[in-house]
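S.K.: For reference, the sequence and a predicted model appear below.
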Amino acid sequence: MSHRTAKCLTACALLALGFGAASAPAQRGPGREHQVPLANGVVLRLVWIPPGTYWRGSGPGEAGRDSDEGARHEVTISRGFYLGVHEVTQAQWTAVMGTQPAAFRRGVEAPQRPVESVSWEDCGRFLARLGQLGVGRFRLPTEAEWEYAARAGTTTRFPWGDDPREFETHTYAWANSRSYAVTHPVGSKPPNAWGLHDMHGNVWEWCSDWYAPYAAGPQRDPVGPPAGREKVFRGGSWYDFPVSLRSANRHRHPPERRYTAIGLRLVWEPEETR
């Protein structure tokens with residue numbers, strides 16, 4: 001359903017789908033939260049990420065660096081955006097889609113674990129269904145937005161520091177070998193400086209971009225190439241060792257593939273920002 005059509009849904013139709021109306025966004029400032037109700041009492045929490053400029057990628061001296069992380073370059077995010085405080089949970093996915101695709105679905109904690117085993121194409125269907133709420137646009141973050149939010153003003157390997165021997169990683173992120181080979185409830189590790197949990201570890205997060213080498217020089221709101229073969233995902237997971245959780249690390253897979261280590265996080269654009 002197109003966004004234009006979704007806007008024409010009546011309040012009664014939304015109620016019939018089990019959706020409530022969202023309240024107006026709170027006054028914006030760094031770390032300001034907003035909640036969008038989904039269904040059955042499930043809500044989506046988002047935090048305001050202000051515009052700004054940062055250095056994307058890694059320098060040649062960064063431990064564990066891959067060649068596709070450079071050259072390090074300046075990126076400007078010209079417009080702020082709301083980003084999910086957490087990765088999309090199994091409860092949120094089920095509230096919207098009525099399905100349960102996750103592999104780690106057992107136990108009383110399962111609804112609050114991140115959804116996984118969803119392809120980039122599955123995420124597109126989830127976003128289309130969210131569009132029926134009629135309260136704004138939902139999308140995946142661009143790769144540039146993702147790294148900007150993950151760094152939260154830092155320039156180190158991880159937002160908690162360079163951590164060259166990676167001793168601190170397990171304090172802040174679910175990663176191999178302290179994840180016990182499973183996902184964990186979102187928000188059970190400390191947030192970064194902008195109030196975002198699990199940007200590193202737990203599950204990788206799909207981005208909107210097709211994968212490609214970075215363009216040279218300063219960039220403003222980059223979105224990646226118009227076409228490609230693989231989509232980007234970022235952040236590392238329960239399966240990966242700490243080196244993969246670095247802020248600059250990039251990975252990619254074909255958009256139809258599903259993995260037990262990949263989920264998603266949402267950007268929300270209220271009507272007034274579009």
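M.R.: Everything's here; your move.
S.K.: So what's the residue count around Lys231?
M.R.: Neighbours of Lys231 under the rule other C-beta atoms under 10 Å: 26. In short, each C-beta sits where N, CA and C put it, glycine included.
S.K.: does it really touch Arg257, like I thought?
M.R.: No - if you go by C-beta atoms under 8 Å, Lys231 and Arg257 don't touch, sitting 9.1 Å apart.
S.K.: so where is this protein shaky, pLDDT-wise?
M.R.: Residue ranges of the chain with pLDDT under 70: 1-31, 272-274.
S.K.: Can you show me the strands along the stretch 151-274 of the chain?
M.R.: Secondary structure of the stretch 151-274 of the chain (DSSP state E, counting those that start in this stretch): strands at 204-210, 219-220, 231-234, 251-253, 262-263, 267-269.
S.K.: Would you mind pulling the contact partners of the longest one?
M.R.: Residues outside strand 204-210 that contact it (C-beta atoms under 8 Å, 6 or more residues apart in numbering) are 87, 120, 123, 139-143, 146, 199, 223-237, 251, 259, 261-265.
S.K.: In PDB, please show the C-alpha coordinates belonging to it.
M.R.: Presented in PDB, the C-alpha positions along strand 204-210 are these (Å, rounded to 0.1, in the frame of the first residue of the first chain):
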ATOM      1  CA  TRP A 204      23.400  -7.200  13.000                       C
ATOM      2  CA  GLU A 205      21.100  -4.500  11.600                       C
ATOM      3  CA  TRP A 206      20.100  -4.200   8.000                       C
ATOM      4  CA  CYS A 207      20.600  -0.700   6.400                       C
ATOM      5  CA  SER A 208      18.900   0.700   3.300                       C
ATOM      6  CA  ASP A 209      22.000   0.900   1.200                       C
ATOM      7  CA  TRP A 210      23.300  -1.300  -1.500                       C
END
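S.K.: what secondary structure does Ala91 sit in?
M.R.: helix (DSSP: H, G, I helix; E, B strand; the rest coil).
S.K.: Tell me where the stretch 1-150 of the chain has helices.
M.R.: 3-7, 11-17, 90-97, 120-131, 143-151 (DSSP state H, counting those that start in this stretch).
S.K.: So Val96 versus Leu44, what's the distance?
M.R.: Between Val96 and Leu44 the distance is 9 Å, computed by C-beta to C-beta, to the nearest Å.
S.K.: what's the answer for Phe104, then?
M.R.: Phe104 is 20 Å from Leu44, by C-beta to C-beta.
S.K.: The two: which is more packed in?
M.R.: Leu44 (24 against 20).
S.K.: how close does the more buried one get to Thr89?
M.R.: 9 Å.
S.K.: try Ala216
M.R.: Applying C-beta to C-beta to Ala216 and Thr89 gives a distance of 39 Å.
S.K.: Could you check which of those two is surrounded by more residues?
M.R.: Shown here are Ala216 and Thr89; by other C-beta under 10 Å, Thr89 has more neighbours (24 against 8).
S.K.: Tell me what that one is bridged to.
M.R.: Applying DSSP bridges to Thr89 gives these bridge partners: Pro114.
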